[in-house]
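# here you go, sequence then predicted model.
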Number of protein chains: 2
Amino acid sequence: MASIKDVAKLAGVGLGTASRAMSGKGYVSPETRRKIEWAAKELRYTPNILAQNLLKNKSGIIGILIPCLEHSFYSRLVQCLEADLYKKGYKSMIWCTISQNHGEQDYLDMLEKNLVDGIITATHSLNDESYLESGRVIAAFDREFQGEIPFVRSDHEEAGRLAAEHFRKNGCKKVLSIYGADTRDGRISTGQAHENLRRRLEREKIQVAEVCTDRERFDPPYYRRLAKECLEKYRDADGIFASDLLALEFLFQALRKGKKIPEELKIISYDGTEITRSVYPRMSAVVQDIDGISKALTDILIERIETGKVSESRILPVKWQEGETCS
Amino acid sequence: MASIKDVAKLAGVGLGTASRAMSGKGYVSPETRRKIEWAAKELRYTPNILAQNLLKNKSGIIGILIPCLEHSFYSRLVQCLEADLYKKGYKSMIWCTISQNHGEQDYLDMLEKNLVDGIITATHSLNDESYLESGRVIAAFDREFQGEIPFVRSDHEEAGRLAAEHFRKNGCKKVLSIYGADTRDGRISTGQAHENLRRRLEREKIQVAEVCTDRERFDPPYYRRLAKECLEKYRDADGIFASDLLALEFLFQALRKGKKIPEELKIISYDGTEITRSVYPRMSAVVQDIDGISKALTDILIERIETGKVSESRILPVKWQEGETCS
């Protein structure tokens, strides 16, 4: 393969001049540039990205950390982030951390070693310090750091309020609220939806049973088993509040048992991804604005990389989706 | 941040020696190595990955090209690939090409520029030559190249045979077979399932109507619209053969119309991802072995990278999944 040296030689210029012309850094006269470009073409010279990035101390790559790709919320979020980052001239390196021990720390190390220019993280297994020590070119989804890492999240309190209002309106007596293990220790802020739901229902004298999922389990076989166990254990529950895929398991298993939906069991899912609009009966849901979340995370991170400015964190509105599982 | 120069100075050795010790290339005496490692620790020196990879001409990163992450087959495949590659010491850079013009070519360029050590591709928008010219450290999913790029695919002929057998056994008179646009031009080999299905049904005097999806459309709103149009247009069809998410749209919309499943309409989905086992009624399906596909692609690519050996292509068996949409 031709090197930059060969290009310089064929163009009849010095190595420094050829290097300036190919990297676009520093002055090269238009005529000389044309000669160098011709020589590069002639020799089918391709610049080595690693060498270029070393020069610029920039990789043009953003790391995206998510726990799991088989989760309808995360797969949609990543799809949006990838497209938004691409529009801004960055490539994405997506990493699901669920299958990997120390995956998240490995990734932060890559930030320190300049392999990625910044990180958007939606995985939250480490403590605050690990992030704050790691160069800080990070935008966080759904986790509120103490330090100067900005975050983006949905208005979970409003999500809890919307769900509570619809359970109440439909005359529920006992609602089963299922939240993720990561929300319990405050690392992921979706827990606020479940907390607000509980507070509001208890104020109305509606019973609430809370179930916590296992840490880092998002796979359908686990959700199937959990829904089955809960339907056995909480036979008197007449309302379910859970994330989309888990709520679907409750719906399918309740239908299989011959339960009338929504007459005998009301279900509200949180996230409101596409599958909730496809399914029959259509799922009543609180919808997160995934496209907006993606745009906000991208804007915050790229502004930090390109101008050094640390943006304000953002909280995005949620909305109610009319469905047939809770009117 | 400390540089390798600072480390050499503090250790009292030459730059070349310090560099050899940190990169693990070339001889350094144990005593000198200890001094250098102490100095590196003392100065909190982190090697720059870009610089190291430039030295080794290796990035430790594998590119994974897929059309779309919101498709249950691809999201599961990527999740498996990521875990399998990680076990072999490689990180993944996942790229969905659907939102990007020229995305696939950009990625092949990255292979040429040493940013990734190899590529696993499940996206197929370019012609054979583009791949064959690009260094060839590629393992292809579901596309049979003319040249020396090995591929992995499922036994699609057997998938077509299994589906045909079950439609026939259930007394279907007219089967609607919906295939992807990419299969039509032979780029993706799943078309063989649909071809074999048609041949076998026609031999039994069972009518077959074929519908081709738009190119690179895998999103739920598109599938919803398509299923609706097909159910209107082919009112006399009593069998449906389609990919998982599209088959689910047919199921939900048929149920919504009050059709009895499977009495009035038999549905068989191809891929058999997790959602087909969750849904009620449970989907009758032909199942691709995604875990096996991931393992085969990983083995083929890593062997090529590490030993230079070009492996044989592999065709993996499919199996029938009992369900309630076609007995």
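Received it, and whenever you're ready, just let me know what you need.
# quick one: list the elements packing against the strand or helix carrying residue A:38.
Under the criterion of DSSP states H and E, residue A:38 resides in helix A:30-42. Helix A:30-42 is packed against helix A:4-11, helix A:15-23, with contacts defined by 3 or more Cβ pairs under 8 Å, 6 or more residues apart in numbering or on different chains; DSSP states H and E. No exception for glycine: its C-beta is placed from N, CA and C like everyone else's.
# lowest mean pLDDT across the ones you listed, which one is that?
Among the helices and strands packed on helix A:30-42, helix A:15-23 carries the lowest mean pLDDT, a mean of 82.
# can you list the helices and strands packed on helix A:30-42 in JSON lines and add distance to chain B?
JSON lines is the format used below for those (distance: least, Cβ to the nearest Cβ, whole Å):
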{"stretch": "helix A:4-11", "distance to chain B": "13"}
{"stretch": "helix A:15-23", "distance to chain B": "13"}
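# about what we covered before: in the helix holding residue A:38, what's buried?
For helix A:30-42, a neighbour-count test (16 or more other Cβ atoms under 10 Å in any protein chain shown) marks A:32-33, A:35-36, A:39-40 as buried.
# what does stretch A:192-201 give?
Under 16+ other Cβ under 10 Å, the buried positions of stretch A:192-201 are A:192-198, A:200-201.
# residue A:74: what secondary structure?
Using DSSP: H, G, I helix; E, B strand; the rest coil, the structure places residue A:74 in helix.
# got phi/psi on the closest residue to it other than its chain neighbours?
Ranked by Cβ to Cβ, 6 or more residues apart in numbering or on different chains and with sequence neighbours excluded, the top spatial neighbour of residue A:74 is residue A:66, at 4.6 Å. When read as degrees, to the nearest 10, the backbone of residue A:66 gives phi -130, psi 160.
# quick one: average confidence on the helix or strand hosting residue A:248?
Residue A:248 belongs to helix A:244-256 when assigned by DSSP H and E. Averaging the model's pLDDT scores along helix A:244-256 yields 97.
# quick one: is that helix near chain B?
Yes: using Cβ under 8 Å from any Cβ of the partner chain, helix A:244-256 comes into contact with chain B via A:248-249, A:251-253, A:255-256.
# what's the farthest-apart pair in the residues you listed?
Put simply, by Cβ to Cβ the two of the residues of helix A:244-256 next to chain B set farthest apart are A:248 and A:256, 12.5 Å from each other.
# neighbour count: these two, which is higher?
residue A:248 (26 against 14; other Cβ atoms under 10 Å in any protein chain shown).
# isn't that one right next to residue B:278, touching?
Yes: here residue A:248 lies in contact with residue B:278, judged by Cβ atoms under 8 Å, at a distance of 6.6 Å.
# can you give me the buried ones in stretch A:220-229?
Buried-residue list, stretch A:220-229, by 16+ other Cβ under 10 Å: A:220, A:223-224, A:226-227.
# take the residues you listed and keep only those in strands.
Using DSSP state E, no member of these falls within strands.
# dump the buried residues of helix A:30-42 into CSV; add distance to residue A:82 and pLDDT as well.
Below are the buried residues of helix A:30-42 laid out as CSV (distance: Cβ to Cβ, whole Å; pLDDT from 0 to 100):
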residue, distance to residue A:82, pLDDT
A:32, 39, 90
A:33, 34, 89
A:35, 39, 89
A:36, 34, 89
A:39, 36, 87
A:40, 31, 84
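# of those, closest to residue B:298?
residue A:40 (35.9 Å).
# against residue A:23, how distant is the closest residue to the closest one other than its chain neighbours?
Leaving aside its sequence neighbours, residue A:40 sits nearest to residue A:7 (Cβ to Cβ, 6+ apart; 5.0 Å). For residue A:7, the distance to residue A:23 (Cβ to Cβ, to the nearest Å) stands at 12 Å.
# next, the buried residues of the lengthiest helix in chain A.
For chain A, the longest helix by residue count, based on DSSP state H, is helix A:290-307. Within helix A:290-307, the residues that qualify as buried are A:290, A:293-305, counting by 16+ other Cβ under 10 Å.
# in space, what's closest to residue A:82 - neighbours in sequence excluded?
Going by Cβ to Cβ, 6+ apart, residue A:82 has residue A:92 as its nearest residue, at 4.7 Å.
# sorry, back to before: how many other residues sit next to the residue nearest to residue A:40?
With other Cβ under 10 Å as criterion, residue A:7 counts 26.
# ok, and the closest non-adjacent residue to residue A:281?
Here the residue nearest residue A:281, using Cβ to Cβ, 6+ apart, is residue A:324, at 3.6 Å.
# pretty sure the one you found is touching residue A:277, no?
No: contact between residue A:324 and residue A:277 fails when scored by Cβ under 8 Å: they sit 11.2 Å apart.
# need the residues touching each of those two.
Residues touching both residue A:324 and residue A:277 by Cβ atoms under 8 Å, 6 or more residues apart in numbering or on different chains: residue A:283.
# now do the contacts for residue A:241.
A:163, A:167, A:175-178, A:194, A:197, A:247, A:268-270.
# chain B: which of these is nearest?
residue A:247 (11.4 Å; Cβ to the nearest Cβ).
# look up how far residue A:258 lies from the nearest residue to residue A:43 once chain neighbours are set aside.
The shortest distance from residue A:43 to any non-neighbouring residue, by Cβ to Cβ, 6+ apart, is to residue A:2 (3.7 Å). Look at residue A:2 and residue A:258: by Cβ to Cβ, they are 72 Å apart.
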